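Engineer: Give me a 3D structure for the following:
(one chain, ligands or ions: 1)
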Amino acid sequence: MDIPTDIVARVAGPGPCLRCETPVDAAWRICAPCSTAIVAERSRAAQEADERSNAEWSTMGLEKARRSIPAGLRLSRLEADVQPEALRSIRHRGANAPSWAMLGGPFSALGGIAIFSKWMMPWSLYVTAPELARELFEHPIGEGPPKLSRWAKRAPVLMLDELGAEQVRNGAVTEVLRSRLASDRPTIVATTRRFGDLEETYGDIARRVYERAGGVVMCRKRNQETPS
Ligand SMILES: [Zn+2]
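Structural biologist: Numbers count the residues shown, from 1 in each chain. Just a heads-up that it's a prediction; the model follows:
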């Protein structure tokens, strides 16, 4: 784009427009149509730069979200592995927009990631409950809230895997869930524990997540028999 760096080239007397060479009978040597065009081009250029930076932000944020998923899980053909009815039921509830989901059973991680991959947006996060607890455990006192927890609270979509598998219980996981419930940020919780165990560990928070998600969807392997 050929935009003069300075619109107001003030020259004494009439002369050609500096841009289109139409004679201008004015001290300002840019004709009126050119002046309007220049303003429009500049604002368009500014808008394009803005969009470019948004696009970069979004690519970078998506890449970061994708990288938060463990490589082994990222690469497996998730949906093919998990009972399709389970996934459909979640998507139906979320009406294809990110919402809350609670997945249970030994294949809850696979199911959760299949959903997470669909709902993922820039700066979404996959994290495990043990990671959150360990981070707080190792975090020096007086340094503000730990980084992963902060991100987990704010992520536009969070997948919290391995709920109930923490070695240390220190409130890190409860606090993330409490904060996300309060702001109603879409959250996918995956667990291999029974709901009763979760309630014992997390109290009312487990109950509230359960209610918000509309129950636990059990993920089984495709073609796996339903245990009676
Ligand atoms: Zn002109």
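Engineer: C-alpha from now on. contacts and neighbour counts both.
Structural biologist: Noted.
Engineer: May I have the beta-bridge partners of the residue nearest to residue 22 when sequence neighbours are not counted?
Structural biologist: Nearest residue to residue 22, sequence neighbours excluded (CA to CA, 6 or more residues apart in numbering): residue 16, at 5.2 Å. Here residue 16 sits in beta bridges with residue 23, as judged by DSSP bridges.
Engineer: Residue 26 is in contact with residue 16, correct?
Structural biologist: No - in this structure, residue 16 is not within contact of residue 26 by CA atoms under 8 Å, at 9.7 Å.
Engineer: Around the ion, which positions in this protein sit nearby?
Structural biologist: Applying CA under 5 Å from the ion, we find that the chain lies next to the ion at 17, 19-20, 31, 34.
Engineer: one more time with 6 Å
Structural biologist: For the chain, the residues in contact with the ion (CA under 6 Å from the ion) are 17, 19-22, 30-31, 34.
Engineer: If any of the residues you listed are buried, give me the ChimeraX selection for them.
Structural biologist: To isolate the buried members of the residues of the chain next to the ion in ChimeraX, using 16 or more other CA atoms under 10 Å:
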select :17,19,30,31,34
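Engineer: can you tell me which of the residues of the chain next to the ion lies nearest to residue 161?
Structural biologist: residue 34 (59.4 Å; CA to CA).
Engineer: before we move on, which element is the closest one in?
Structural biologist: helix 32-67 (DSSP states H and E).
Engineer: Which parts of this structure are helices?
Structural biologist: 32-67, 71-75, 78-81, 84-94, 108-119, 129-138, 147-154, 172-183, 195-202, 204-213 (DSSP state H).
Engineer: Let me know which of the ones you listed is tucked in deepest.
Structural biologist: Among the helices of the chain, helix 108-119 has the highest mean neighbour count (mean count of other CA atoms under 10 Å), at a mean of 23.
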